[in-house]
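# have a look at this fold, sequence not included:
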């Protein structure tokens, strides 16, 4: 589902197993390097096309800059980052399809998964890439993880 969310968009995805302790207190720290890997791919792609791309934030900066969100907000942000270009507001994917895929992806990790984004409710954000605009949603149940990052340079 994550691959389908990234197929027609500027989104980059990664998913897999996460070696995290049973207690959820450490999950954010274990997930931050996975977010960094996805964001690094986005930064690298845009760096090849645009000389204005900045250095990517460190793993520690990414971990410090992400905010916890509930599952409903994770679904909404994942669907938005997959369906609407953050820099230009152009639709990249049918929003209903994006919402369906995001809902299914979030549900796969289950009700005990924890989710984070780099966007706050006022639509400001802390960057995870070196690009002008980016949006990230990541979650884990301590065993599996999913990350979606959209990056856009204007």
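Alright, I've got the coordinates. Since the model is a prediction, treat every value here as computed from it, not as a measurement.
# okay, now the residue lying closest to residue 47 once chain neighbours are set aside: neighbour count?
With CB to CB, 6 or more residues apart in numbering as the criterion, residue 47 has its nearest non-adjacent residue at 4.6 Å, and that residue is residue 53. Every residue, glycine included, has its C-beta placed from N, CA and C. A count of nearby residues for residue 53, using other CB atoms under 10 Å, gives 20.
# could you measure residue 53 against residue 154, distance?
Residue 53 sits 11 Å away from residue 154 when distances are taken as CB to CB, to the nearest Å.
# that older thread, the residue nearest to residue 47 contacts residue 134, doesn't it?
No: between residue 53 and residue 134 there is no contact under CB atoms under 8 Å: 10.8 Å.
# what residues sit buried inside the helix or strand harbouring residue 82?
Residue 82 is part of helix 71-83 when elements are defined by DSSP states H and E. For helix 71-83, the buried set under the neighbour-count rule, 16 or more other CB atoms under 10 Å, comprises 71, 73, 74, 75, 76, 77, 78, 79, 80, 81, 82, 83.
# all helices of this protein, in order?
Assigned by DSSP state H, the chain shows helices spanning 2-7, 27-49, 59-65, 71-83, 95-109.
# quick one: list the elements packing against the first one.
Okay, so that is helix 2-7. strand 11-17, helix 71-83, helix 95-109, strand 144-152 (3 or more CB pairs under 8 Å, 6 or more residues apart in numbering; DSSP states H and E).
# any regions of the chain where pLDDT drops low?
In the prediction, the chain carries residues with pLDDT under 70 at positions 8.
# give me the residue at the spatial middle of this structure.
Closest residue to the average C-alpha location of the chain: residue 136 at 2.6 Å, with CA atoms, centre = their mean.
# before we move on, back to that, can I get the helices of the chain in a markdown table including distance to residue 115?
Converted to a markdown table, the helices of the chain look like this (distance: least, CB to CB, whole Å):
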| stretch | distance to residue 115 |
| --- | --- |
| helix 2-7 | 14 |
| helix 27-49 | 10 |
| helix 59-65 | 15 |
| helix 71-83 | 4 |
| helix 95-109 | 7 |
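# check those for me and report the most buried one.
For the helices of the chain, the stretch with the most neighbours on average is helix 71-83, a mean of 22; neighbours defined as mean count of other CB atoms under 10 Å.
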